[in-house]
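[1] Predicted model, plus sequence, below.
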Amino acid sequence: MPLTADLHLSVTGRHTGVADLGTPVLPFGLSAALSLTSGTGANQADRVFTDQRTLTASATEDLDLAAVLLDAFGAAITFAKIKAVIIKAADGNVNNVVVSRPAANGVPLFEAASDAIAVKPGGAFVWYCPGTGVTVTVATGDLLTITNSGGTTSVTYDIVIIGTSA
């Protein structure tokens, strides 16, 4: 089944200051329009996993990107390469959603094993690797760990993983 994906990221703003004879203003902006066409080559994708998930207090889950996750049609997904990961923490969370590369068998999304980023309530983590992406290696490099940072309440997050089958 064909897959295309467009990611649109932008930030704009104005930074103002105080001066004797006026108000200095620095308008700023950064935007990126990122696209993946259907296929398994550079700048292409043919696999996507989407879900809304909830972790109980202090819970951790390892998302296995090799034949364990199911796509929207109920088929098992085996990623060979990862091109994008987007995680959005629910606004109502009290705790952080922690995204990490496990010490054993982690997908090299981060530079080193055990590296992590905390996604605060209402926040988002967006990772995009155009071209050939990052390799998923079955049994030795196929896990992405998601952890609830707190021990008293659950957390909910939305996730999208885009990649290729070859």
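    Received it, and whenever you're ready, just let me know what you need. Since the structure is predicted, the reported quantities are computational estimates derived from the model, not experimental observations.
[2] tell me the SS of G131?
    Assigned with DSSP: H, G, I helix; E, B strand; the rest coil, G131 falls in the coil class.
[3] What's the mean pLDDT across stretch 3-16?
    Stretch 3-16 shows a mean pLDDT of 94 in the predicted model.
[4] Could you give the separation of that stretch from the chain centroid?
    The chain centroid and the centroid of stretch 3-16 are separated by 16 Å, computed with Cα atoms, centre = their mean, to the nearest Å.
[5] Over to stretch 23-36?
    With Cα atoms, centre = their mean as the basis, the mean position of stretch 23-36 lies at 21 Å from the chain mean.
[6] One more: stretch 52-69?
    When C-alpha coordinates are averaged (Cα atoms, centre = their mean), stretch 52-69 and its chain have centres 13 Å apart.
[7] and if you look at stretch 27-39?
    With Cα atoms, centre = their mean as the basis, stretch 27-39 stands 15 Å off its chain's centre.
[8] now it: mean pLDDT?
    The predicted model assigns stretch 27-39 a mean pLDDT of 94.
[9] And for stretch 85-98?
    Throughout stretch 85-98, pLDDT has a mean value of 98.
[10] What of stretch 135-146?
    The predicted model gives stretch 135-146 an average pLDDT of 96.
[11] what's the answer for stretch 48-63, then?
    When the per-residue pLDDT values of stretch 48-63 are averaged, the result is 98.
[12] For that stretch, buried residues please.
    Buried residues in stretch 48-63, counting neighbours by 16 or more other Cβ atoms under 10 Å, are found at V48, F49, L55, D62, L63. In this view, the C-beta of every residue, glycine as well, is placed from N, C-alpha and C.
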